[in-house]
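K.L.:
Mind looking at a prediction? Sequence and model below.
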Amino acid sequence: MKYLIEKFGKINTAVLFLCIIFLILELIGHRHGETSIEDILFFPALFGYLSCIIIFKIGVSLRSFLMKDEDYYDK
Amino acid sequence: MISSFPPGLIMIVGALLIPFLPNIIRQIYMMVLILVSAYALTLGFGIHAKIEVMDIQFIIFQSDSLTLPFAIIFHIAAILNVIYGAHEKHWNQHVAIMSYSGAAIAAVHAGDLFTLFVWWEATAFTSVFLILASKTKRSYRSAFRYILIQVGSGMFLLAGAILLMSQTGNAEFRSFDFNSLYGQLIFIAFGIKAAFPLLNGWLQDAYPEASEIGTVALSTFTTKLAIFCFARSFAGTEILIIIGAIMTFYPIFFAVIENDLRRVLTYSLNNQLGFMIVAIGIGTELAINGAVAHAFAHILYKGLLFMGMGAVLYRVGTCKASELGGLFKFMPITAVCTIIGAISISAFPLFSGFVAKSLIMSALGKEGLVFVYFMLLFASAGVLHHSGIKIPFFAFFAHESGIKTKEAPLNMIIAMIIASALCILIGVFPSYFYEILPYQIQYQPYDFSHVVGQLQLLTFAAFAFICLWHFKIYPPELNSTVLNSDWIYRKMIPGILLPLLNLINDINKKIEQFFEFMFISIKKFFANTMTKNKIFDREVGQDTLIIVQLFIILLIFIFVWKIYL
């Protein structure tokens, strides 16, 4: 625990623990989604994690052609 | 007497007195105006005021189950704006905010398209002063573009109204057929104000250029008025599902790379509007309730986020992520309120976003729109990324920026605390919130599946961000301009038109030069004929004249001879 807090910081470790708790919760109760695909075990967790990574990746790749100098319109 | 006075109108008329009132009395006076306006909401549903001009009846005050939630939240937002802007000494922004709020409230109660048009344009003309209030070169230009587009939207509305009037004999503000021409014109008018894809440039262009008070007001009224209009006129129009889904999706990527945190919030605003548009497109009672609930909740948490960033701008003078960081220890209350706004917009259980967004997601699930459902689920993770984490993280934590400042003024703090409290109250007591929605439905957002699913989605999305940041994969924020659809009319069209205009100008010059040359040549020619020994020389002129006269006589003779002989 101490190692984790030293390595990741308090807030990050807390988020990590929350993630684990919410996964355990799914194992205890019965979760079902609005669609049948969502009924797959830990689907929202996986979807949330991957979505964030995909958004980041696409966002970074867009930087090269969408990002211009700050005074781009003033030139 | 008061029953015939539409809500909002009293605020517009009353705003005229604001310049003459001293500071504190002015704020109390504005509160009174809003409360008097809100009194009209107690009159119940029905048509309360009509006027007749040139045999045409205008319904200037009607209320029903759809107008009520919008009217309530617009009045609440107006009060929050008055509190939030109380530190501003000059009257100009107060007049603008009061008349702008009044125009939006009056528009919601319009019963025909011509009345709507008047208030539609009034929202544009009053709100532009909030952008001009920044008094920068950028804000002047931005305000000019803003007013052109807003007025343009009004022109579409007017054209649609006239066409509708000519075809049906009345211009009642009701449900319209999208397949008719007037329906399409009205649809475009609403679409511009709702910041549809490619029509959204004005939103990201103008809002971040407004003053810190102005952006809070702007984020409330214009776009939500458009949402109200869509809910009134195009509920169940399927194309809205596609447009809305695109709206939820693409602004996420722009928000991720944008450096100006207020501009990030405008992309986020665009994304949230998408959720509402999708719900209106579905058109079921559950979905319409979802759209209205989302608009209601969104005004509070987005206003709260803009208030937080406005406070930072007011104290520090910038909202750029690259220049901010570490402000938590100087502005802890602002930071906590902004975090509450961020948690609400991310739709964490027990906060307003959750109880509103759940309605829309359930409506999508019930209709079996699986692909759109997952687009919106993806967008929900995006909202957490750019509004839930990026906004509070880069402003108040991230790295030490070296900026030393103090907490926001008391009035700003009070407004932020009230907005935060409302976000939590709606989230904790959703049943009271659902009672004001247009349709009475039985819906329980807090079941095991909803709560655990949402918590997993959000915490793991947050964990992904933490990993990216911790392992230094997340790139640093840079001072930059992110290209948006306004690039089309700010760069592309001038880029095509300017060379074309230059070409026309060049051709015009060449033609001018040619005629000038011809004129000079002719002038020279005649000048030459009058010099000595030439045909029109004065000395030989008499003889020449005689020859010319003889020639003319000869011609006349031939002419007469040919005709008569």
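P.N.:
Nice, I can see it. Numbering: from 1, shown residues only, chains lettered A, B, ... in the order given.
K.L.:
what about the helices in the stretch 51-200 of chain B?
P.N.:
Listed in chain order, the helices found in the stretch 51-200 of chain B under DSSP state H, counting those that start in this stretch are B:67-84, B:92-108, B:113-132, B:137-168, B:181-193.
K.L.:
Go through the shortest one and flag the buried ones.
P.N.:
By 16 or more other Cβ atoms under 10 Å in any protein chain shown, the buried positions in helix B:181-193 come out as B:182-193. For every residue, glycine as well, the C-beta is placed using N, CA and C.
K.L.:
cool, and stretch B:359-373?
P.N.:
In stretch B:359-373, counting by 16+ other Cβ under 10 Å, buried: B:359-364, B:367, B:369, B:372-373.
K.L.:
Filter those residues down to just the ones in helices.
P.N.:
Secondary structure from DSSP state H places B:359-364, B:367, B:372-373 of these in helices.
K.L.:
if we look at chain A, which of those are close to it?
P.N.:
Restricting those to those near chain A by Cβ under 8 Å from any Cβ of the partner chain leaves B:361-362, B:364, B:373.
K.L.:
which pair in those residues spans the largest distance?
P.N.:
The two members of those with the most space between them (Cβ to Cβ) are B:S362 and B:Y373, at 9.9 Å.
K.L.:
Can you work out which residues contact both of these two?
P.N.:
A:E34 (Cβ atoms under 8 Å, 6 or more residues apart in numbering or on different chains).
K.L.:
Might you list the low-confidence residue ranges for chain B?
P.N.:
In the predicted model of chain B, residues B:1-4, B:530-543, B:565 satisfy pLDDT under 70.
K.L.:
Tell me who's in contact with B:G44.
P.N.:
B:G44 touches B:S63, counting by Cβ under 8 Å, 6+ apart.
K.L.:
re earlier: switch the helices of the stretch 51-200 of chain B over to TSV; also include distance to B:N200.
P.N.:
Output for these, formatted as TSV (distance: least, Cβ to Cβ, whole Å):
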stretch	distance to B:N200
helix B:67-84	21
helix B:92-108	19
helix B:113-132	16
helix B:137-168	10
helix B:181-193	9
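K.L.:
export those to TSV and tack on distance to chain A?
P.N.:
Formatted as TSV, the helices of the stretch 51-200 of chain B follow (distance: least, Cβ to the nearest Cβ, whole Å):
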stretch	distance to chain A
helix B:67-84	24
helix B:92-108	25
helix B:113-132	16
helix B:137-168	8
helix B:181-193	21
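K.L.:
most neighbours per residue, which of the ones you listed?
P.N.:
Ranked by mean neighbour count, the helices of the stretch 51-200 of chain B are led by helix B:92-108 with a mean of 27 (mean count of other Cβ atoms under 10 Å in any protein chain shown).
K.L.:
Does B:E52 touch B:I59 like I think?
P.N.:
No. B:E52 is not in contact with B:I59 according to Cβ atoms under 8 Å; the separation is 10.6 Å.
K.L.:
Please identify which of those two sits among more neighbours.
P.N.:
B:I59 (21 against 8; other Cβ atoms under 10 Å in any protein chain shown).
K.L.:
Now that one. Nearest residue, chain neighbours left out?
P.N.:
Excluding the flanking residues, the one nearest B:I59 by Cβ to Cβ, 6 or more residues apart in numbering or on different chains is B:G111, at 2.5 Å.
K.L.:
Let me know whether the one you found touches B:F61 as I believe.
P.N.:
Yes. Under the criterion of Cβ under 8 Å, B:G111 makes contact with B:F61 at 7.4 Å.
K.L.:
Give me the common contacts of those two.
P.N.:
B:I47.
K.L.:
Can you give me the domain assignment for chain B?
P.N.:
B:235-480, B:530-565 (automatic domain parsing).
K.L.:
Quickly compare those domains and say which is most buried.
P.N.:
The stretch of the domains of chain B with the highest mean neighbour count (mean count of other Cβ under 10 Å) is domain B:235-480, at a mean of 22.
K.L.:
Endpoints of it, how far apart?
P.N.:
Taking Cα to Cα, to the nearest Å, domain B:235-480 runs 39 Å from one end to the other.
K.L.:
Just the strands from chain A, written as ranges.
P.N.:
A:67-68 (DSSP state E).
K.L.:
Contact partners for the residue of it found nearest chain B?
P.N.:
Relative to chain B, the nearest point of chain A is A:E34 (2.7 Å; Cβ to the nearest Cβ). A:E34 sits next to B:361-362, B:364-366, B:373 when contact means Cβ under 8 Å, 6+ apart.
K.L.:
can you do 7 Å?
P.N.:
B:361-362, B:364-365, B:373 (Cβ atoms under 7 Å, 6 or more residues apart in numbering or on different chains).
K.L.:
With B:A106 instead?
P.N.:
Per Cβ under 7 Å, 6+ apart, neighbours of B:A106: B:6-9, B:119.
K.L.:
out of these, who's nearest chain A?
P.N.:
For those, the nearest to chain A is B:W119 (31.8 Å; Cβ to the nearest Cβ).
K.L.:
Alpha carbons of the longest helix along chain A, as PDB, please.
P.N.:
Longest helix of chain A, by residue count under DSSP H: helix A:43-66. What follows is helix A:43-66 as a C-alpha-only set of coordinates in PDB (Å, rounded to 0.1, in the frame of the first residue of the first chain):
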ATOM      1  CA  PHE A  43     -17.700  -4.400 -20.200                       C
ATOM      2  CA  PRO A  44     -18.200  -0.800 -18.900                       C
ATOM      3  CA  ALA A  45     -14.700  -0.900 -17.300                       C
ATOM      4  CA  LEU A  46     -13.100  -2.100 -20.500                       C
ATOM      5  CA  PHE A  47     -15.100   0.300 -22.600                       C
ATOM      6  CA  GLY A  48     -14.300   3.300 -20.400                       C
ATOM      7  CA  TYR A  49     -10.600   2.500 -20.400                       C
ATOM      8  CA  LEU A  50     -10.300   1.900 -24.100                       C
ATOM      9  CA  SER A  51     -12.400   4.900 -25.000                       C
ATOM     10  CA  CYS A  52     -10.200   7.200 -23.100                       C
ATOM     11  CA  ILE A  53      -7.100   5.800 -24.800                       C
ATOM     12  CA  ILE A  54      -8.700   6.000 -28.200                       C
ATOM     13  CA  ILE A  55      -9.800   9.600 -27.600                       C
ATOM     14  CA  PHE A  56      -6.300  10.500 -26.500                       C
ATOM     15  CA  LYS A  57      -4.700   8.800 -29.500                       C
ATOM     16  CA  ILE A  58      -7.000  10.400 -32.100                       C
ATOM     17  CA  GLY A  59      -6.600  13.800 -30.300                       C
ATOM     18  CA  VAL A  60      -2.800  13.600 -30.400                       C
ATOM     19  CA  SER A  61      -2.800  12.500 -34.100                       C
ATOM     20  CA  LEU A  62      -5.100  15.500 -34.900                       C
ATOM     21  CA  ARG A  63      -2.600  17.900 -33.400                       C
ATOM     22  CA  SER A  64      -0.400  17.700 -36.500                       C
ATOM     23  CA  PHE A  65      -2.900  19.300 -38.900                       C
ATOM     24  CA  LEU A  66      -5.500  21.000 -36.600                       C
END
